[in-house]
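[1] Sequence and predicted model, in that order:
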Amino acid sequence: MNVTITVNGEVRSASVPPETTLLVLLREHFLLTGAKTGCDVGDCGACTVIVDGKAVNACLMLAGQADGRTVTTIEGLATREGLHPLQKVFEETGALQCGFCGPGVIMSSKALLDEIPNPTTAEIRNALAGNLCRCTGYQKMIEGVHEAAEMLQSTTTPATLATKTPATPALAALPQR
Amino acid sequence: MKRRGRGIASMWYPVGFTVAANPSGAVVKVNEDGTAVVLTGTVETGQGALGVLSQIAAEALGIAPNDIHIVSGDTDTCPMDTGAIASRTTYITGNAIAAAAAEARDTLFEVASQMLGVKTSQLEAKDHKIQVKGFPARSAPIADVALRAHLVNGTPPIGSASWNPPTVPLDPETGQGKPFGTYVYATQIAEIDVDDETGEVEVLRVTASHDCGTAINPMLVEGQIEGGVFMGLGFALQEEILFDKQGRQLNPNLTNYIMPTTLDMPVVESDIVDSYDETGPFGAKAVGEPSLVPTAAAITNAIYDAVGVRITALPATAERVLAAIKAKRAMEQKQIPA
Ligand code: FES
Ligand code: FES
């Protein structure tokens, strides 16, 4: 079957077998490998993308179901001016460790912030409940979503944030032996 | 009804085993532009090891972490490393890198001592310069010193070192010796609610205080502690591999092997104890695995505090906790004299 979706602002089509999932369409036909194949059965959230404004598990949606819709993947977040505030904050605060869950967590967070620009901690926890992370304990992600919400609401643009201090301090204060 | 409880648990954890050879090697090369290349056999798995190792090399050379280019985990080019295991990377690989960087720096000192007309012992590497201690204005940029080392002195500033925790074999009679390079310590406190009608445990807050030696990167130490508490919480309450009689796993999916989600995780307050270990790089020890050691004990102690039952088999699922509460009630009823 023929599937046409608008992905990250670009209209793209592919001819795929009907059982093809949206995740396989994105990863194998469009070579957008940002969304990860964690479990492929809807348990882990590593494959999360945004379809018509809603965060969905791309492994649970057929490519045919996405026909004619608008899909945003992690590859669609950064602009020429720099990373999306969520990506920037996650990078600077060490919110991710191995990073495998990251694209999914960030897309779930983006869908949340698009809907609720200033979410409570409970709303963030709810929005991320379907994104499993084996490494971090989620705390810095939850704090990071709050911080990104503030950045998105302030007048500061990502371009000026790009010049903020780097994450790794020079550590001039390390004790010497 | 929900009953509140608090539990505390402490642990020590050995780092840098000495029962077998446990070395890491490193090569540090200072470039003519004042940056440096570090070769290490260890690998990054997300914990931030390469960031910490860059900081160690940068600190030893007096340059910035961003000036360090790390080549890691490539057996074609990198020296041997026992592995990103046993919470040993900062301590052992860090020591190897600090020693290799110091060797490269010593070459820079030799060259700079001629340029600045002082003894090498009076020099220090700081702020991208080799400078005279106490007289930072008398200095030469590291880039210039490195270039001169190559082109004039013919002694390129390259250091290589390996570090293996010093061994003291165990005495067969007394069992005494030094089986590990160093030890880390931690105490965690869990505050929980137990529903005494369902047995369900909710962890509300965990405070985790860790002695990891110098915290070379406190943000990453926090990340390790938060991740460790999360794994300890799963171990305490949720995670269990179930087998049938044939040994086949009954719960091979994440729908039935339950690990904590954002809704299960409490707020973790990390406290990094001010400490310095003489044997570690810039005083650092370790934090990885130790971060989850006391969590389950703190949580099960909190269960005892809340509802008076000792859970001795993990995970403390709602079923197990409720069964223990019921058994306790039955015991108490028996004991009431007629
Ligand atoms: S890969 Fe889709 S939920 Fe795990
Ligand atoms: S950072 Fe490793 S799974 Fe989330």
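    All right, it came through fine. Ligands and ions are numbered 1, 2, ... in the order given.
[2] list the contacts for residue 94?
    If you meant another chain, say so; for now it's chain A. Listed by Cβ atoms under 8 Å, 6 or more residues apart in numbering or on different chains, the contact set of A:Gly94 reads A:Lys140, A:Ala167, B:Gly48, B:Met219, B:Leu220, B:Glu222, B:Gly223. (Each C-beta comes from the backbone N, C-alpha and C, glycine too.)
[3] meant chain B actually
    By Cβ under 8 Å, 6+ apart, the neighbours of B:Gly94 are B:Val52, B:Leu53, B:Ile56, B:Ile216, B:Gly280, B:Pro281, B:Ala284.
[4] so what's residue 159 scoring on pLDDT?
    Assuming you mean chain A. We have a pLDDT of 49 for A:Ala159.
[5] let's do chain B instead
    Note for B:Gly159: predicted pLDDT of 98.
[6] For residue 69, grab phi and psi.
    Here I'm looking at chain A. In terms of degrees, to the nearest 10, the main-chain angles of A:Arg69 are phi -100, psi 180.
[7] my bad, the chain I had in mind was chain B
    B:His69 adopts backbone torsions of phi -100, psi 120, taken as degrees, to the nearest 10.
[8] Helix or strand: which one has the closest residue to it other than its chain neighbours?
    Closest residue to B:His69 apart from its sequence neighbours, by Cβ to Cβ, 6 or more residues apart in numbering or on different chains: B:Val37 at 4.9 Å. If you go by DSSP states H and E, B:Val37 is part of strand B:36-40.
[9] immediately after that strand, which helix or strand?
    Following strand B:36-40 in sequence, per DSSP H and E, is helix B:49-61.
[10] still on that earlier bit, how about residues contacting the strand holding B:Val37?
    Contacts of strand B:36-40 (Cβ under 8 Å, 6+ apart): B:24-31, B:53-54, B:57-58, B:61, B:63, B:67-73, B:77-79, B:81, B:93, B:96-97, B:100-101, B:104.
[11] what angle separates it from helix B:49-61?
    With axes from the mean of the first three to the mean of the last three Cα atoms, to 10 degrees as the basis, strand B:36-40 and helix B:49-61 are set at 130 degrees to each other.
[12] so where do the helices sit in the stretch 51-200 of chain B?
    Secondary structure of the stretch 51-200 of chain B (DSSP state H, counting those that start in this stretch): helices at B:94-116, B:142-148.
[13] out of those, nearest to ligand 2?
    Set against ligand 2 and scored by Cβ to the nearest ligand atom, the helices of the stretch 51-200 of chain B come closest in helix B:94-116, at 22.7 Å.
[14] Enumerate every residue touching B:Ile92.
    Counted by Cβ under 8 Å, 6+ apart, B:Ile92 has contacts B:Gly16, B:Asn22, B:Pro23, B:Ser24, B:Thr82, B:Trp163, B:Asn164, B:Pro165, B:Gly181.
[15] Isn't the third one up against B:Thr82?
    Okay, so that is B:Pro23. Yes: at 6.2 Å, B:Pro23 counts as touching B:Thr82 under the criterion of Cβ atoms under 8 Å.
[16] If you count surrounding residues, which of the two has more?
    When B:Pro23 and B:Thr82 are compared for neighbours, B:Thr82 comes out ahead with 21 against 16, by other Cβ atoms under 10 Å in any protein chain shown.
[17] excluding its backbone neighbours, what's nearest the more buried one?
    Using Cβ to Cβ, 6+ apart, the closest residue to B:Thr82 is B:Asn22 (5.2 Å).
[18] What of B:Ala316?
    In space, B:Ala316 is closest to B:Leu237, 5.5 Å off (Cβ to Cβ, 6+ apart).
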